[in-house]
Every structure is written in structure tokens, then in C-alpha cells.
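requesting a structural model of the entry that follows:
(one chain, ligands or ions: 1)
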Amino acid sequence: MRISIPKDHPRAESLRVREMLVDGLRGGLVVEEGLIAHGRGESFDYLIGETTTPSAIRAIKAAAAMLLTSSHPIISVNGNFAALCGKEIAELSMACGALIEVNLFYHSIHRERAIKSHLERFGARDVLGVGKNRTATIPYLNGERKHVDPMGIAVADTVFVPLEDGDRTEALVKMGKKVIAVDLNPLSRTAVHAHISIVDNVVRVIPILVQMILELKSENRDSLTSIIGKFDNIMNLNESLGLIRLGGSEINAIT
Ligand code: PTJ
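A predicted model of the protein is given here:
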């Protein structure tokens, strides 16, 4: 049901994001299970205070440096990510020169095509992984997500994987790829196994990541490599867990 959300409603932003997903479901981008996945994300978002924490900012900076130093970075897009960040995915691709590949857990050709057209409406070009193009295979992985584009994830050195479901991150790491994840749950297998995990809502992350990439673009390779080298994913995840233990509202008060 569609209501007009009062601007001064204390949860207006959260309700607006929910509507983007419901619109995505109605428009054939999102699966029903995607709404449940979002609910899990929302609960962690509540615990971190619905804000981009200092540890998330450090992870975003390391991610920006990693994307800029990669020779073949890929942005992996699923239904939820497309519905929440269509315009920002196109901007991110343009800012760091990463190609976009659709990769779905609940695979269907209709949804692949709908996501591709949705992204193209925002200026995305050459969206990979659609239709007959999924001819390469990720080893160590079962299910539909193992079928990937030979021009994309298969040959990528870095894969950006927001809202991931777990086992694919492990498989990509085993293949020798660098993995950057966005996951509100710092305890998820994805967050633990990725090289850089950004514990924050993807809706807040991508605009900051684009801005950070534009700022770091003029830095030389040594300085970017040093930013990546200083980042410790497990330590950063523990910081996020520490903030959750403190309680989001207190985090806001002390940072
Ligand atoms: O479009 P498909 O078919 O590829 O399916 C996509 C979903 C998301 C349904 C699928 O990948 C899935 O079931 O994912 P999971 O296993 O529920 O994992 C999603 C993870 O993303 C969880 O750890 C959530 O906490 C987290 N999450 C959910 N919403 C957000 C989020 N993280 C960041 N920002 C969000 N908005």
C-alpha cells in the first residue's frame, strides 16, 4: 500500500528506502526474499545508529584506494542493490572505471534484463552477465551465482559485492580476487572473508565512495597502496561490533 510519508516522521528516511525496495519488487528488479534480507540489514543499521561510523569511513577510503589501483574492477549487482542505488551504481562505475555485472542468487533472465535496463536508464554502459553471456564458471561454488561473464567477474582482479549472501565471497577469495563487501552485519561470512568490508547501509555508502574516489584520484599509486596496506579488516569489523555493543545512539553522542 502506498501512503505519503510525512517529512517530519522520525523514520521517514527508513520508510523511503523500504518503498524503493517495494517499487523494485513491483518493477521486477527485486525478489520477495530481498525484502526479508533488507529487514535483516535494517536491524543492524538500527544497532549502528543509522549512521556512517568512523570505521565505515576508513573502510570506504581503503575500498576507494583498492578500486583505483585495480586493473579490472567489477561492480557485482543484485536486485536489492539495483533498486536502492541505480543512479549511484552508474556514477561509481564512471568514477573508477569499473564494469558492472548482474549476478543473481535467485536467478531469472527477466530480472537480469530488468536490472540491466534500469541501470542503463541512469547512464550505465555495457552491463555484463545478462542472458547468454554467463558462460564462465566460478569454481568452489554451487547455484546460479557461479555462472559469470567471461569479460567480467571471471577475469576481474577486484570484485565489489554489496549485500552478498556469503559463499560467493569465499569462492572469489579462493580464486585470488580481491573482494570489497558492503554488509550491515559485521558477523556475516561475507564481512569476515572479504578483504575490505564496509559495515554500513549501501544507500549511504555509494555516494561517499564516489566522492572518496574523486578525491583520491590524483594520489600516486604508492600512496593508494599505503592506504590499503594500513587497513585491517578484522580489526575494523571488531570496531563495528564494539560500536554495536555501545549502542548506536551513544556512538552518535561520542563521535
Ligand atoms: O537479487 P538476488 O536474487 O541476487 O538476491 C539478493 C538477496 C539480497 C535477496 C540475496 O543475496 C540474499 O538472500 O542475501 P542475504 O543472505 O540475506 O544477505 C544479505 C546481507 O546484506 C545481510 O547480511 C544483510 O544484513 C545485508 N544487508 C541487507 N540490506 C542491506 C545490507 N547491507 C548493507 N546495506 C543494506 N541496505
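
grab the nearest non-local neighbour of Lys178.
Nearest non-adjacent residue to Lys178, counting by C-beta to C-beta, 6 or more residues apart in numbering: Thr158, 4.3 Å away. Glycine gets a C-beta too; all of them are placed from N, C-alpha and C.

my error: substitute His9 in the last question.
Excluding the flanking residues, the one nearest His9 by C-beta to C-beta, 6+ apart is Leu15, at 6.7 Å.

from the ligand, how far off is that neighbour?
Using C-beta to the nearest ligand atom, to the nearest Å, one obtains 14 Å as the distance from Leu15 to the ligand.

that residue: helix or strand, and which one exactly?
Assessed by DSSP states H and E, Leu15 sits inside helix 12-26.

tell me what that helix is packed against?
helix 32-47, helix 79-96 (3 or more C-beta pairs under 8 Å, 6 or more residues apart in numbering; DSSP states H and E).

okay if I get these as JSON lines plus mean pLDDT?
JSON lines is the format used below for the helices and strands packed on helix 12-26 (pLDDT from 0 to 100):
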{"stretch": "helix 32-47", "mean pLDDT": "96"}
{"stretch": "helix 79-96", "mean pLDDT": "98"}
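
go through these and pick out the most buried.
Mean neighbour count (mean count of other C-beta atoms under 10 Å) peaks for helix 79-96 among the helices and strands packed on helix 12-26, with a mean of 22.

whichever helix or strand comes after that helix vs the ligand: in contact?
Sequence order places strand 99-102 as the next helix or strand after helix 79-96, per DSSP H and E. No. Strand 99-102 lies apart from the ligand when judged by C-beta under 6 Å from any ligand atom; the minimum separation is 8.8 Å.
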